[in-house]
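Enquirer: Quick one, structure for this:
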Amino acid sequence: MDLRDFKAGRYIQQYQYKSFSPAKVNLEWTWSDPKINTLLAEANKKLGELNAFSLYVPDINFFIAMHVIKEATTSSKIEGTKTGVDEALLSVEEIAPEKRDDWQEVQNYIQALNYSIEKLNDIPLSTRLLKDAHKILLDGVRGESKMPGEYRTSQNWIGGASLKDAVFIPPQHTEVSELMGDLENFMHNDKIDVPHLIRIAISHYQFETIHPFLDGNGRLGRLMITLYLVSTRLLDKPTLYLSDFFERKRALYYDNLTFVRTSNNLIQWIKFFLVAVIETSDKGIESFRAILKLKENIEGVKLLSLGKRLNNAKKLINFLYKKPLINVKDVENVLNVTTKPANAIIQEFVKLEILKEVTGYKRNRLFLFEEYYKLFANNG
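Expert: A predicted model of the protein is given here:
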């Protein structure tokens with residue numbers, strides 16, 4: 001089907017409201033808009049450059065841990081959760097009671113993403129995997145009463161306080177299973193020639209339109225993008241997350257999704273999505289370059305002054321790449337030492353200006369690997 005001929009779906013009269021029944025997407029898509037070709041070529045090129053870092057950055061998984069934390073906080077922020085990257089790094093005991101629900105939602109996102117990436121080794125990106133991830137997302141948080149891991153069996157809506165003033169009403173629950181089956185088939189259909197980035201652009205739109213769960217659809221739909229890129233080997237590691245772009249251009253993100261439903265304009269959404277891939281890949285490349293420069297300065301210069309403590313210093317720095325905000329207890333556990341040597345090596349790191357004490361307390365102090373942390377916290 002030519003993208004210009006796309007009809008997004010139709011409104012169906014229900015009792016006192018109209019729900020939107022989307023058209024199925026498992027088709028061979030074509031287009032005549034040359035701008036899509038240009039953006040697609042650029043997006044593939046940038047993704048390839050970003051992916052190169054996965055192949056030659058040593059211990060890349062350490063750095064990916066922080067990318068995941070950044071994605072979890074940003075994707076949750078779009079849904080109104082107010083946990084920052086700094087708070088996401090703390091343990092539950094260190095979080096104020098009134099902020100623990102938000103904190104837990106972010107932790108669940110981290111867990112759901114890590115679990116799903118791991119599971120891709122055994123099963124394809126599928127409705128089964130999405131349901132498993134959804135179950136983790138909603139575990140023990142505000143949406144836990146909203147059928148975690150199961151498609152909805154009632155009508156939901158987007159925006160507004162009720163169905164009467166909703167901005168958008170997705171399809172009836174009786175349509176969800178068939179529509180999700182069609183979406184899964186589209187993602188895996190090897191009998192049609194549709195480039196991967198076009199497939200996932202259309203798939204993300206379709207997932208958000210189906211809104212198959214009672215809660216967590218936004219987060220899961222964004223998570224699905226990264227899972228698709230890894231499952232198709234466009235990325236060897238989960239290094240690209242679009243939530244930061246979508247968060248910064250939130251109004252445009254929602255407008256472009258809505259525009260497909262109201263004007264059948266899938267072309268505009270695809271262009272927006274490809275620009276998101278290009279700009280986010282560029283940011284990822286910049287951030288990996290900065291990480292490598294920082295790593296070289298610390299491991300190739302600063303740590304060499306530590307003599308017999310060098311081995312422990314290397315272990316600690318590797319831990320800091322995953323968790324740049326630590327306390328003495330963390331260091332005791334990582335290095336398997338008692339409090340005194342743990343404090344001593346922390347002080348060495350403070351002297352070398354790798355760590356900075358951030359609480360001002362005498363006890364329960366926290367130390368931040370500030371230069372590294374800023375690469376993620378300020379990357380907006």
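Enquirer: any idea which helix or strand carries the residue positioned nearest the centre of the chain?
Expert: Nearest to the geometric centre of the chain sits residue 71, at 4.0 Å (Cα atoms, centre = their mean). Counting by DSSP states H and E, the element that carries residue 71 is helix 60-78.
Enquirer: Can you name the next helix or strand after that helix?
Expert: That would be, after helix 60-78 and using DSSP H and E, helix 85-88.
Enquirer: Mind checking what helix or strand follows that following helix in sequence?
Expert: Next helix or strand after helix 85-88 toward the C-terminus (DSSP H and E): helix 100-119.
Enquirer: Can you mark which positions in that next one are buried?
Expert: 102-114, 116-117, 119 (16 or more other Cβ atoms under 10 Å). C-betas here are computed from N, CA, C, even on glycine.
Enquirer: what does stretch 367-380 give?
Expert: Buried, per 16+ other Cβ under 10 Å, within stretch 367-380: 367, 368, 369, 371, 372, 373, 375, 376, 377, 379.
Enquirer: Mind listing residues that contact the helix or strand hosting residue 251?
Expert: Using DSSP H and E, residue 251 maps to helix 250-263. The contact list for helix 250-263 (Cβ atoms under 8 Å, 6 or more residues apart in numbering) reads 8-9, 20, 22, 78, 167-168, 205, 208-209, 246, 265-266, 268-269, 272.
Enquirer: Give me the angle between that helix and helix 60-78.
Expert: With axes from the mean of the first three to the mean of the last three Cα atoms, to 10 degrees defining the directions, helix 250-263 sits at 70 degrees from helix 60-78.
Enquirer: Give me the subset of the buried residues of stretch 367-380 that lies in helices.
Expert: If you go by DSSP state H, the buried residues of stretch 367-380 have 371, 372, 373, 375, 376, 377 in helices.
Enquirer: give the contact list for the fourth one.
Expert: Right, the one you point to is residue 375. Residue 375 touches 287, 290, 291, 294, counting by Cβ under 8 Å, 6+ apart.
Enquirer: Any of the residues you listed buried? List them.
Expert: Listed as buried from the contacts of residue 375 are 287, 291, 294; burial here means 16+ other Cβ under 10 Å.
Enquirer: re the thing from before, dump the residue contacts of the residue nearest to the residue nearest to the centre of the chain when sequence neighbours are not counted.
Expert: Spatial nearest neighbour of residue 71, chain neighbours left out: residue 241 (3.8 Å); criterion: Cβ to Cβ, 6 or more residues apart in numbering. With contact set as Cβ under 8 Å, 6+ apart, residue 241 has these partners: 67, 70, 71, 74, 75, 222, 225, 226, 280.
Enquirer: Please apply the same query to residue 166.
Expert: 17, 157, 158, 159, 160.
Enquirer: Quick one: mean pLDDT over the helix holding residue 251.
Expert: Here helix 250-263 scores 96 as its mean pLDDT.
Enquirer: for whichever helix or strand comes after that helix, which positions count as buried?
Expert: Once the chain leaves helix 250-263, the next helix or strand it forms, by DSSP H and E, is helix 266-300. Of the residues in helix 266-300, 266-267, 269-281, 283-285, 287-288, 291, 294-295, 298-299 count as buried by neighbour count, 16+ other Cβ under 10 Å.
Enquirer: Let me know the angle separating helix 266-300 from helix 370-377.
Expert: 170 degrees.
Enquirer: Residue 227 versus the residue nearest to the centre of the chain, what's the distance?
Expert: 12 Å (Cβ to Cβ, to the nearest Å).
Enquirer: cool, and residue 285?
Expert: 21 Å.
Enquirer: which residues sit in contact with the closest residue to residue 65 other than its chain neighbours?
Expert: With sequence-adjacent residues excluded and distances taken as Cβ to Cβ, 6+ apart, residue 65 is closest to residue 322, at 4.1 Å. Residue 322 makes contact with 62, 65, 66 under the criterion Cβ under 8 Å, 6+ apart.
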